[in-house]
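# need coordinates for the below:
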Amino acid sequence: MDSRFKIKTGYKEDVGDEPVSPTGQYFNSNTLSVRVLSILESEYPIDDSCALSLLQDLFLPINPRFSSIMVFDKTGVKQWKRVEVNIPEHLHIPSFPEGLSLEEYDDYFDKYITEIAMKPLPKDQPLWEVHIIKYPTTKAAGNIIFKLHHALGDGFSLMGALLSCMKRADNPSLPLTFPSVKSSSEANSKAADEVGCLPKTISAIYNTTLDYGLSVLKCSLIADDRTPIRSGDEGVEFHPVQISTVALSLDQIRQIKTAIGVTINDVITGIIFLGTRLYMQSTGKGFSNSESTALVLLNTRNINGYKSVDEMVKADSDSKWGNQFAFMHVALPELINNSSNPLEFISEAQKIIKRKRNSLAVYLTGQSLELLRKCRGPEAAAGFIHSTLQKSTMTISNMIGPIEKMALANQPCKGMYFMVVSVPQSLTITVLSYMRTLRIAVGVEKGYIDVQKFNSCIEDAFQLIYKASVKNP
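Coordinates of the predicted model:
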């Protein structure tokens, strides 16, 4: 391979090794090794002739962590160390049999993504890979998979990095734009906040005490029930994962939002909760009211949207690069009378999440984790996070994508989604908006959860909620 692509990239602030953040240490430890797959679906057949040059000139300069490995310093603390990057080692272009049907290529693609999802990233080279699948499937003419270690950053950071490589397909000179993250009811809630401050303070103290206590118990002692969506097996993160997606109309979701006066996040969470309960019920009796908890990821940055990568790496940035998120424990509402009132799932999700956002339990849990790290080391803190994940049922991560169609090296992107893998759970759900579509990606313990049946239940939940909301606006 051309020696031009065996390089050590320059960086204007390359002044030595950089400490690995605490969360970065947790996600790349003896207990956890969490990775993120970001999939871009190409509208046209992929031309990979410029792939190496793009990685060298566009991807690597985004952040020095893409040219670094984790090492221990003399005191035993992990650092990011800049190394020479042999780019061809990070680029993979698999070969499938020629002349197959689209459905047969679907199977090959699913098997391939399962294989790379479970394969650890080599620790002696930077923690990323790019996989280009040039074979068409029923959903795209080709796929580009970015496999990134979660220690590099959270979804916000990694998505910002990938988006910095993209251009608007209609006019590359214009910036990508994103939906507002502010809720339609924000002004009303702000006005309401100015009334009854004392009762709200008392309520916040009570909710903080209750939520923090329950969170500690859920993280360390109390495990969710074993159900059709939670095997509870030790080492489930090492089991093969199967990934599939559901596409919903963002316009219809906005209709639901407007009709019942909630946020888009409330609608999405309600759809996922109802669909999950419908799946549990469909597998047999006795699971519609089982104890099941979702860990909802919360971005802790004080921001209103994506920032440029240059802004993320500034020391005083409000949207710092890295892992800046927390978990919220949210109990799945019970399914009563076969979802006779599906809108209750949205109102219940809204009520629970709003209450938890108004408490300090998430902050206190983060401080407890930091105290554990300082007293017993990062491996103990990683073990605490592993226990939190393993004792809950599922994780939900929700992100916004651009409104306009994107292109990578002038190749239009038809769709996109992401998945977090090697998590000690049987079910992981991620959500990403792109153009006028909301893509729900479902990652399941292969052979334990019927992913196609689960997807159908999500679609059924969406239809139930849509019909109920437009019928009774």
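# please save the CA atoms from whichever strand in the chain runs longest in CSV.
Ordering each strand of the chain by length in residues (DSSP state E) puts strand 411-421 first. Listed next in CSV are the C-alpha coordinates belonging to strand 411-421 (Å, rounded to 0.1, in the frame of the first residue of the first chain):
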residue,chain,number,x,y,z
GLN,A,411,-22.0,11.0,-2.9
PRO,A,412,-25.6,11.7,-1.5
CYS,A,413,-26.5,10.1,1.8
LYS,A,414,-29.9,8.4,1.5
GLY,A,415,-30.3,7.6,5.2
MET,A,416,-28.3,7.2,8.5
TYR,A,417,-28.5,5.6,11.9
PHE,A,418,-26.3,4.5,14.7
MET,A,419,-26.0,1.8,17.3
VAL,A,420,-24.1,1.4,20.6
VAL,A,421,-22.7,-2.2,20.9
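# ok, then the element right after it?
Using DSSP states H and E, the next helix or strand after strand 411-421 towards the C-terminus is strand 427-434.
# and that next one, what does it pack onto?
Secondary structure elements in contact with strand 427-434, counted by 3 or more CB pairs under 8 Å, 6 or more residues apart in numbering; DSSP states H and E, are helix 264-282, strand 394-399, strand 411-421, strand 437-445. Using the backbone N, CA and C atoms, a C-beta is placed for each residue, glycine as well.
# swap the cut-off to 6 Å and go again
Counting by 3 or more CB pairs under 6 Å, 6 or more residues apart in numbering; DSSP states H and E, the packing neighbours recorded for strand 427-434 are strand 394-399, strand 411-421, strand 437-445.
# now the helix or strand just after the first one, how far from the centre of its chain.
Read that as strand 394-399. Past strand 394-399, heading to the C-terminal end, the next element that is a helix or strand (DSSP H and E) is strand 406-408. Mean C-alpha position of strand 406-408 versus that of the full chain (CA atoms, centre = their mean, to the nearest Å) differs by 21 Å.
# what lines up beside strand 406-408 in the sheet?
Each strand paired with strand 406-408, and its direction, by DSSP bridges: strand 167-168 (antiparallel), strand 411-421 (antiparallel).
# contacts for that strand, please.
Contacts with strand 406-408, where a contact means CB atoms under 6 Å, 6 or more residues apart in numbering, come from 166, 167, 169, 413.
# sorry, back to before: nearest to residue 279, out of the helices and strands packed on strand 427-434?
Residue 279 lies closest, by CB to CB, to one member of those: strand 437-445, at 10.2 Å.
# for that closest one, give the mean pLDDT please.
What strand 437-445 shows for mean pLDDT is 98.
# please name every helix or strand in contact with the following helix or strand past that strand.
Towards the C-terminus, the helix or strand next in line after strand 437-445, according to DSSP H and E, is helix 451-471. Counting contacts by 3+ CB pairs under 6 Å, 6+ apart, helix 451-471 packs against strand 241-249, helix 250-260, helix 264-282, strand 437-445.
# got the angle for the last one vs strand 241-249?
For strand 437-445 against strand 241-249, the angle between stretch directions is 160 degrees (axes from the mean of the first three to the mean of the last three CA atoms, to 10 degrees).
# what helices or strands is strand 437-445 leaning on?
Strand 437-445 makes packing contacts with strand 241-249, helix 250-260, strand 411-421, strand 427-434, helix 451-471 when contacts are defined by 3+ CB pairs under 6 Å, 6+ apart.
# for the ones you listed, which one sits closest to residue 204?
Taking CB to CB as the criterion, residue 204 comes closest to helix 250-260 out of those, the separation being 25.8 Å.
# now do that closest one against helix 451-471, angle only.
When the same axes, to 10 degrees is applied, the directions of helix 250-260 and helix 451-471 differ by 50 degrees.
# helices and strands around helix 250-260, which ones?
Packed on helix 250-260, when contacts are counted by 3+ CB pairs under 6 Å, 6+ apart, are helix 264-282, strand 437-445, helix 451-471.
# what distance do you get for the spatially closest residue to residue 414 that is not a sequence neighbour to residue 408?
In space, not counting the residues next to it along the chain, residue 414 is nearest to residue 43; the distance is 4.1 Å by CB to CB, 6 or more residues apart in numbering. According to CB to CB, to the nearest Å, residue 43 and residue 408 sit 11 Å apart.
# over to residue 64?
22 Å.
# quick revisit: present the helices and strands packed on helix 451-471 as a markdown table; the columns should include mean neighbour count.
As requested, those are exported to a markdown table (neighbours: other CB atoms under 10 Å):
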| stretch | mean neighbour count |
| --- | --- |
| strand 241-249 | 19 |
| helix 250-260 | 18 |
| helix 264-282 | 24 |
| strand 437-445 | 23 |
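# which one of these lies nearest to residue 84?
Here strand 241-249 is closest among the helices and strands packed on helix 451-471 (CB to CB), at 32.3 Å.
# now do that closest one and strand 427-434, the angle between them.
With the same axes, to 10 degrees as the basis, strand 241-249 and strand 427-434 are set at 40 degrees to each other.
# what's the first-to-last distance across stretch 390-401?
For stretch 390-401, the separation between the terminal residues is 29 Å (CA to CA, to the nearest Å).
# hmm, who's touching that stretch?
155, 159, 178-179, 223-224, 230, 292-297, 424, 427-434.
# report the buried members of those residues.
155, 159, 178, 223-224, 230, 292-297, 424, 427-434 (16 or more other CB atoms under 10 Å).
# hmm, back to that, neighbouring contacts of the longest strand of the chain?
By CB under 6 Å, 6+ apart, the list of residues contacting strand 411-421 from outside reads 35-43, 117, 140, 169, 241, 243, 245, 405-406, 428, 430, 432, 434, 439, 441, 443.
# which non-adjacent residue is nearest residue 92?
For residue 92, the nearest residue in space outside its immediate sequence neighbours is residue 131; the separation is 4.7 Å by CB to CB, 6+ apart.
# go ahead and confirm the one you found touches residue 93.
No: under the criterion of CB atoms under 6 Å, residue 131 is not in contact with residue 93, lying 7.5 Å apart.
# using PDB, write out every CA atom in stretch 423-437.
Extracted as PDB, the C-alpha positions of stretch 423-437 are listed here (Å, rounded to 0.1, in the frame of the first residue of the first chain):
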ATOM      1  CA  VAL A 423     -23.400  -3.100  26.200                       C
ATOM      2  CA  PRO A 424     -24.400  -5.600  28.900                       C
ATOM      3  CA  GLN A 425     -28.100  -5.600  27.900                       C
ATOM      4  CA  SER A 426     -30.300  -7.600  25.600                       C
ATOM      5  CA  LEU A 427     -31.900  -4.500  24.100                       C
ATOM      6  CA  THR A 428     -30.500  -1.100  22.900                       C
ATOM      7  CA  ILE A 429     -32.500   1.500  21.100                       C
ATOM      8  CA  THR A 430     -31.200   4.600  19.300                       C
ATOM      9  CA  VAL A 431     -33.100   7.300  17.500                       C
ATOM     10  CA  LEU A 432     -31.800   9.700  14.900                       C
ATOM     11  CA  SER A 433     -33.700  12.200  12.700                       C
ATOM     12  CA  TYR A 434     -32.600  12.900   9.200                       C
ATOM     13  CA  MET A 435     -34.500  15.000   6.700                       C
ATOM     14  CA  ARG A 436     -38.100  14.100   7.200                       C
ATOM     15  CA  THR A 437     -37.600  10.700   8.700                       C
END
